[in-house]
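Visitor: what shape does this take:
(chains A, B and C)
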Amino acid sequence: MSSQPVLRVEGLVKWFDVTHGLMDMVLGKHIFSRAVDGIDFEIETGHVFSLVGESGCGKTTTGRTILRLTEPTRGKIWFSGFDVASLKDGKLKEYRKQAQMVFQDPYQSLNPRQTVFAGIAEPFAIHGLRLSSEQEYDSVSKALEEVQLRPPEEFIFRYPHELSGGQRQRVAIARALVLNPKFIVADEPVSMLDMSVRAGILNLLASFMKKHNISILFVTHDLAVARYISDNMGVMYLGKIVEQGISERIFQRPLHPYTQALIAAVPVPDPRHKIGAIPIAGEISSSINIHPGCRFHPRCPYAKPLCKDQEPPLRELERDHLVACHFAETIEQAPCDNMLRSVSGRESSE
Amino acid sequence: MDVKNLCMYYDLLGDRYVKAVDNVSLELHAGETLGIVGESGCGKSSMAITLLRLLPSNAKIMGGKVSLHGEDILALPEAKLRRDVRWKKISMVFQGAMNSFNPVIKVGDQLAETLLSHDGKATKKEAIERARELLDLVGIEGSKADHYPHEFSGGMKQRAMIAMALSLNPEIVIADEPTTALDVIVQAQVLKLLKDLKEERDMSLILISHDISIIAEMSDDVAVMYAGHIVEYGESKSVFLDSRHPYTKGLLEAVPSVKARKQKLESIPGAPPNLIGMPDACRFADRCKYAIERCRQGDPPLEDVGDGRVVACIRSKELWGAS
Amino acid sequence: MSFFSYLVKRTVVLAATLILVLLATIMVAGGFGIVDRVAESAIRQDVNMMMRNNPNLARLTEAERLQIMQTLIDEQRRAAGLDKPFIERVPKYLLQALSWDFGKALYLRSSSGSSLVSDIIAEVLPRTVLLFTTGALLSALVGIALGLLMARKPLGLFDRVMTAFAVVSNSMPLWWVGMLLILLLAFTLKVLPAGGFVSVPVPSDPVAYAFDVLHHMMLPLIAVVLVSFGGWAYTVRSLLLDTFQQDFILVARAKGLSESDVMYRHALRATAPPIVTLLLLSIVGSMGGAIISEVVFNWAGMGRLFANAVSFQDVPVIIAETYVFSFLYVAVFLVLEILYGLLDPRVRTGASVQG
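Guide: Now for the predicted structure:
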C-alpha cells in the first residue's frame, strides 16, 4: 500500500459570518463563528480517518469544506497533489467525480421523486458520461449488488419512501460510489439508523474501502463507532484538533483531558460498568467569542494559569500520537482517579 | 407497579390496527431501575404513554391491567387519574426536551404550575420558590426560573425537565429517551443526575431507550422489546452477559464498544417489521438465523428459563439451555 | 438585547419605511407631471375668476388684461413653487405630508364645505373605522371562539359542518352578500334601512343620532361578519391543531392539568402570536374600507371617497388617502411588533422561532 496521502489538509480555516441586525451590518461590525480554526491532517490511500467531537466542534463543517460544499476561509486542501481549495468550474467538477459524500439523514438525502435507478444514474448525466440505457441499467444493477441490495431488480425502480432507513443509506452509498471516487466524506452515516442496522452499513463501507482502495473521512460523535472503523483519528473541540494520531493509540492511552472525558463518558453495553462522574463541568462554549489560550481551559480540571494565556500547539508525544495540551505528560503521571479508572475498564468506585 | 398483559393498538382507518403494545407484562419494584430497550417501532414509547393514559384519539387500550399498589390505574376515571396519579405518583421525562417546554411561558412558571394544579392551598409565591429549589437540585441557578426555554441549552432543558418531573415527589419516573440528541458528555452528566436523584429519593425509574449501552449501565432489570412484544426480560446482568434470545444476542453483536476494538460487528439482516397486520408467527423469524419452520406456526409465548428470566423463543432452551 | 432596545430599533426601521413609502408615493404621483398640470390649471381658473370679479380690470385693453393675467399666474406659480423642477419640490411635499398638510381638493368637498383634504379625510375615516374595523373585530372574536370549539373535537360533526360553512361563506364576495341582505332585510322584511349612514332628516338629539347610526350599521355589519368569521374560525382551528401536536401539550396533560388548563393556558398562549398578527393585519386592512362594498351600502367612508376621487381624478385626495392608509399600516405594524414581542419572548432575543 502506497503511503502517498490522498488528502492533506493544511491550516484549514472556516469562519461563518453571523452578523445580524441591519445596524451592525451597515457599520461594518462583523461577528464570526469560528467553526474550523486551523487544522491539519492527512489521509492515506485506503485508510479511514475519523473526526470525532461533540456538536459544534466543527467536524461536519470540515467535511463539507473539504468537498467545497462550502468555501474555505483560508488554508490548503491537497488532493492527489492539487490544491482543491481554489478550484473553479470544470476542474471543480472533475474533483467532484473523485470526492463524494454520504450524508447523515437517509430520509432527506434522497430525492423523494426519483426512483432508485434515477438517483444512482444521475451522476452519469451530470458528468457527461454518455451511456446507452443498457449500460446504465447494468451499472446501476451492479452498484445495487455491491451495496447488497439483492436482487437488484427488486429495488431498482422503487421510490425512497418504499425503502427502510438502512436501505436508503445503501442507495446513498451506491450513488456516491458509482463513479469510483478515490475519497469519501461520510458524515454520521449511521447515527440515524437503528442499532441492528448500523453494523451492516459500517461493514459495507469498510469492504468498499478494501476492495476499491477508497479513503474515508468519517465524521462522527459516536466514539464506539470511531473505534471500530478508523485507522487514524482526530478529536476536535471548538474548531481545533486537540488530539490526533493512530486511533488505537489514542483509545488505549488518551492524553488530552477532553479525550479522556469523552471516552469515559461513553456508555458500554456491559452492566458491570456503571455510570461514573465526569469531572468536566458546563457545556461547550460559543464559537463566536473565543478567548485566548487553550480553548478547553474553562472546563478543564487540570487548568493552570498558562493554559489561560497560551494556546497549546499540537505536539507529538509518542509516535503517531499528537496532543495539544501544555501538561499532557503530567496529567498522565497524576491522573484524575475517576477518569482513568473508567477508561481502563475497571469498575469505578462510587 | 405491575403491568399485566397490556395491549394498546393504534386504530388506522378501516379495519387495520397497529399492534403497538401486544401483551406486555412487567414488574417494577420499589427503588429499582427497569430498562426497556428496543429499536424504532418496537412499542417502547407507546408503552410509556399508555401507562399514564396519554393516548392520542386514535389509540385504544385493548386489554390488560396496570396495578399500582394493587389499584388498576387503567380503570380509574379520568379526573381521579389526573388528580392522584399523573405527576403525583408517576411522572415522565420526555424525549428530546426540545419542545417539551411551552416556548411562551417562563420555565419557572411551568415548574410551578404542577404544584398549583395539584395542591389547592399553595400560593403562587410558594410554588415559584419550590420551582427554584428544584432547579437548584439539578444544578441550574435558581435565577434561571425567570428565563424562557429558548434561553436554555439542550442539557439544561433536559435537567429542567427532570426537575419538573420531580416536583411532586413521585414514586415512579418514566424517562423516555432522556438523552437522545444530547452530546456524549452532557448525556453522561444527565444520566448520572438521574441515577443520583433516584437513589436519594428512593424512587423507581423506568428507563426507555434504543441505546443498549445506556440501558446496560443504568438498569437493574431489563425488558427487550421487539415489534410490540417483550422478547426477553430479566435481571440486567443475566440478559446482557448471558442472552437467551436471538434478537438480544444479535443486538449485542451489532453494537461497537468504545472499550475495545471489536473484530467484526454482525448486523441483523432486514429491518424492524411493519406492525400492521402481523401474522400469527414469531415476529423475529424473518431476521433470525436460528429460525425453523415451527417458528412461523405461532407467536412464541414467554417461557421461564430460570433465574427469574423469561424469553419468547421456542428454541431458547434447546440452543442455550436453562439455568 | 432588552425589550426596550428591540423596540427602539423597530421604531427606527419602521419610521424609515414610512418615509420611503411616502417618497415613493410622491414620486409616482408627481413624477408624471399630472399633479403639476392639475395645479396649473387650478391656478389659471383661480386667476380667471379673480380677474372677472374685479371690475377695475374691465376698463383695460385685451392685451393689458392678458399681461396682468400672466403676471398673476406667474406670481401664483412661484408661490406654489411650480417654477422649480419637480425634484426640488419633493422635500417640501415630503414635509407637508409628514405634517398632515395635504392641501386642497380639486373637486370634492367635505359635508361641511371645506376643500381641505385633511378635513375631508378626517370626516370620512371614522365612519370606515366604525363599520369595518368593528366588523373585523367582531368577526375575529366570533371566529376565534368557534375555532376553539372546533379544535376541541377535530373531525367531529361540529368541526366538519363549520369547516364546510366557513369555506362557503368565505368565498362569497362581501358586496354580493350585501346586496342579498339588502334585498332580504331592507326590501322584503323591511327591518333595516337599505343603506346610508344616517336617516334623512338627521336626528338632532345626540342619543337618537347614535342609535340611528347603529341602526344603519346593522346590515353592513352583519354582512361583514358573515363573510369573514368563517375564515377566522378555520384558521384558528388549524393553528390550534398544529399547536396540539407539540410535545409540550403532551407534557401538560402528563402533569395532570385539566383539559381547560391545557387548552387555555398552554395551547392558546402558544398560538397567540400568529393570531394577534392576523388580527392586527385585518384591522389595518379594514381601515382602507372596501371600495365596492361601501358603494353598495352607500356608506360614506374611505373606500367610497377613494372611488369618487378616482372617478373625478381628484389627485390630491388620492395621494392623501394613499398616504394615510400607509401611515396607519405602518403604525399598526409597530403596535403589532410590540405586542408580538410581549407575547413571544423568542423574538426579543432574536432566537429562531422554530426553537
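
Visitor: show me what the closest residue to A:F79 other than its chain neighbours is bridged to.
Guide: Closest residue to A:F79 apart from its sequence neighbours, by CB to CB, 6 or more residues apart in numbering or on different chains: A:L7 at 5.6 Å. Where C-beta positions appear, they are placed from N, C-alpha and C, glycine not excepted. Taking DSSP bridges, one obtains A:I43, A:F79 as the residues bridged to A:L7.

Visitor: count of residues packed around A:L7?
Guide: Using other CB atoms under 10 Å in any protein chain shown, A:L7 is surrounded by 23 other residues.

Visitor: which ones are touching it?
Guide: Counting by CB atoms under 8 Å, 6 or more residues apart in numbering or on different chains, A:L7 touches A:E42, A:I43, A:I66, A:I77, A:W78, A:F79, A:F183, A:S215, A:L217.

Visitor: residues in contact with A:P312?
Guide: Going by CB under 8 Å, 6+ apart, A:P312 touches A:C294, A:A324, A:C325, A:H326.

Visitor: before we move on, back to that, top of the contacts of A:L7 by neighbour count?
Guide: Within these, neighbour counts (other CB under 10 Å) peak at A:L217, which reaches 28 neighbours.

Visitor: which residues does residue 203 contact?
Guide: You didn't pick a chain, so chain A it is. Shown in contact with A:N203 (CB under 8 Å, 6+ apart): B:K264, B:L265, B:S267.

Visitor: oops, I was thinking of chain C
Guide: C:Y209, C:D212 are the contacts of C:P203 under CB under 8 Å, 6+ apart.

Visitor: related to what we said a few turns ago, what is the nearest of the contacts of A:L7 to chain C?
Guide: Among the contacts of A:L7, A:I66 lies closest to chain C (CB to the nearest CB), at 27.8 Å.

Visitor: test my guess that the closest one contacts A:G75.
Guide: No - the criterion here is CB atoms under 8 Å, and A:I66 misses it with A:G75 at 10.0 Å.

Visitor: identify the bridge partners of the residue of chain B found nearest chain C.
Guide: Proximity of chain B to chain C (CB to the nearest CB) peaks at B:R86, 3.6 Å away. Applying DSSP bridges to B:R86 gives these bridge partners: B:I90.

Visitor: what's the separation between it and C:E259?
Guide: Distance from B:R86 to C:E259, counting by CB to CB, to the nearest Å: 13 Å.

Visitor: kindly report the same for A:F218.
Guide: In terms of CB to CB, A:F218 sits 50 Å off from C:E259.

Visitor: who has more neighbours out of the two?
Guide: Counted by other CB under 10 Å, A:F218 and C:E259 do not tie: A:F218 has more neighbours, with 28 against 12.

Visitor: secondary structure class for that one?
Guide: Of the three states, A:F218 takes strand under DSSP: H, G, I helix; E, B strand; the rest coil.

Visitor: cool, and A:L131?
Guide: Taken by three-state DSSP, the conformation at A:L131 corresponds to coil.

Visitor: give me the pLDDT value at it.
Guide: On pLDDT, A:L131 comes in at 84.

Visitor: that one contacts A:S139, doesn't it?
Guide: Yes - in terms of CB under 8 Å, A:L131 counts as a neighbour of A:S139; the distance is 6.9 Å.

Visitor: looking at those two, which is more packed in?
Guide: Using other CB under 10 Å, the more surrounded residue of A:L131 and A:S139 is A:S139, with 18 against 13.

Visitor: is the helix or strand hosting the more buried one in proximity to chain B?
Guide: In the assignment (DSSP states H and E), A:S139 maps to helix A:133-146. No - applying CB under 8 Å from any CB of the partner chain, one finds helix A:133-146 separated from chain B by no less than 15.6 Å.

Visitor: got the CA positions of stretch B:179-197 in CSV?
Guide: What follows is stretch B:179-197 as a C-alpha-only set of coordinates in CSV (Å, rounded to 0.1, in the frame of the first residue of the first chain):
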residue,chain,number,x,y,z
THR,B,179,-30.6,11.7,26.4
THR,B,180,-31.2,11.4,22.7
ALA,B,181,-30.0,14.4,20.9
LEU,B,182,-27.6,15.3,23.7
ASP,B,183,-23.9,15.3,23.4
VAL,B,184,-21.8,12.5,24.9
ILE,B,185,-20.5,14.3,27.9
VAL,B,186,-23.8,16.0,28.7
GLN,B,187,-25.6,12.7,28.3
ALA,B,188,-23.3,11.2,30.9
GLN,B,189,-24.0,14.1,33.2
VAL,B,190,-27.7,13.8,32.8
LEU,B,191,-27.8,10.1,33.4
LYS,B,192,-25.6,10.4,36.5
LEU,B,193,-28.0,13.1,37.7
LEU,B,194,-31.0,10.8,37.2
LYS,B,195,-29.2,8.0,39.0
ASP,B,196,-28.3,10.1,42.0
LEU,B,197,-31.7,11.7,42.3
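
Visitor: quick check: mean pLDDT across the strand or helix carrying A:I39?
Guide: Secondary structure assignment for A:I39, by DSSP H and E: strand A:32-44. What strand A:32-44 shows for mean pLDDT is 90.

Visitor: tell me which stretches of chain A form strands.
Guide: A:5-17, A:32-44, A:48-52, A:74-79, A:82-83, A:99-102, A:183-187, A:215-220, A:232-237, A:240-246, A:315-318, A:321-323 (DSSP state E).

Visitor: distance from the shortest one to the middle of the chain?
Guide: It stands for strand A:82-83. Distance of strand A:82-83 from its chain centroid, counting by CA atoms, centre = their mean, to the nearest Å, is 21 Å.

Visitor: mind listing residues that contact it?
Guide: A:K76, A:I77, A:Y95.

Visitor: hmm, 10 Å instead?
Guide: Around strand A:82-83, the neighbours that count as contacts under CB atoms under 10 Å, 6 or more residues apart in numbering or on different chains are A:R8, A:E10, A:G75, A:K76, A:I77, A:K91, A:E94, A:Y95.

Visitor: show me what contacts the closest residue to A:E42 other than its chain neighbours?
Guide: Nearest residue to A:E42, sequence neighbours excluded (CB to CB, 6+ apart): A:P5, at 4.1 Å. Applying CB under 10 Å, 6+ apart, we find A:P5 in contact with A:F41, A:E42, A:I43, A:E44, A:T45, A:H47, A:F49, A:W78, A:F79, A:S80, A:G81, A:S215.

Visitor: hmm, back to that, how about the strands of chain A in CSV, adding distance to B:Q95?
Guide: Output for the strands of chain A, formatted as CSV (distance: least, CB to CB, whole Å):
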stretch, distance to B:Q95
strand A:5-17, 30
strand A:32-44, 28
strand A:48-52, 24
strand A:74-79, 39
strand A:82-83, 45
strand A:99-102, 26
strand A:183-187, 23
strand A:215-220, 21
strand A:232-237, 27
strand A:240-246, 31
strand A:315-318, 41
strand A:321-323, 37
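
Visitor: picking that back up, quick check, nearest of the contacts of A:N203 to B:D307?
Guide: For the contacts of A:N203, the minimum distance to B:D307 (CB to CB) is 28.2 Å, reached by B:L265.

Visitor: follow-up on the earlier one: and the angle for the strand holding A:I39 with strand A:232-237?
Guide: Relative orientation of strand A:32-44 and strand A:232-237, computed by axes from the mean of the first three to the mean of the last three CA atoms, to 10 degrees: 170 degrees.

Visitor: and strand A:32-44, what does it pack onto?
Guide: In this structure, strand A:32-44 packs against strand A:5-17, strand A:48-52, helix A:59-66, strand A:74-79, strand A:215-220, strand A:232-237, strand A:240-246, with contacts taken as 3 or more CB pairs under 10 Å, 6 or more residues apart in numbering or on different chains; DSSP states H and E.

Visitor: switch these over to JSON lines; also include mean pLDDT and distance to A:M101.
Guide: What follows is the helices and strands packed on strand A:32-44, written out as JSON lines (pLDDT from 0 to 100; distance: least, CB to CB, whole Å):
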{"stretch": "strand A:5-17", "mean pLDDT": "90", "distance to A:M101": "13"}
{"stretch": "strand A:48-52", "mean pLDDT": "94", "distance to A:M101": "14"}
{"stretch": "helix A:59-66", "mean pLDDT": "91", "distance to A:M101": "7"}
{"stretch": "strand A:74-79", "mean pLDDT": "90", "distance to A:M101": "14"}
{"stretch": "strand A:215-220", "mean pLDDT": "93", "distance to A:M101": "9"}
{"stretch": "strand A:232-237", "mean pLDDT": "93", "distance to A:M101": "18"}
{"stretch": "strand A:240-246", "mean pLDDT": "93", "distance to A:M101": "21"}
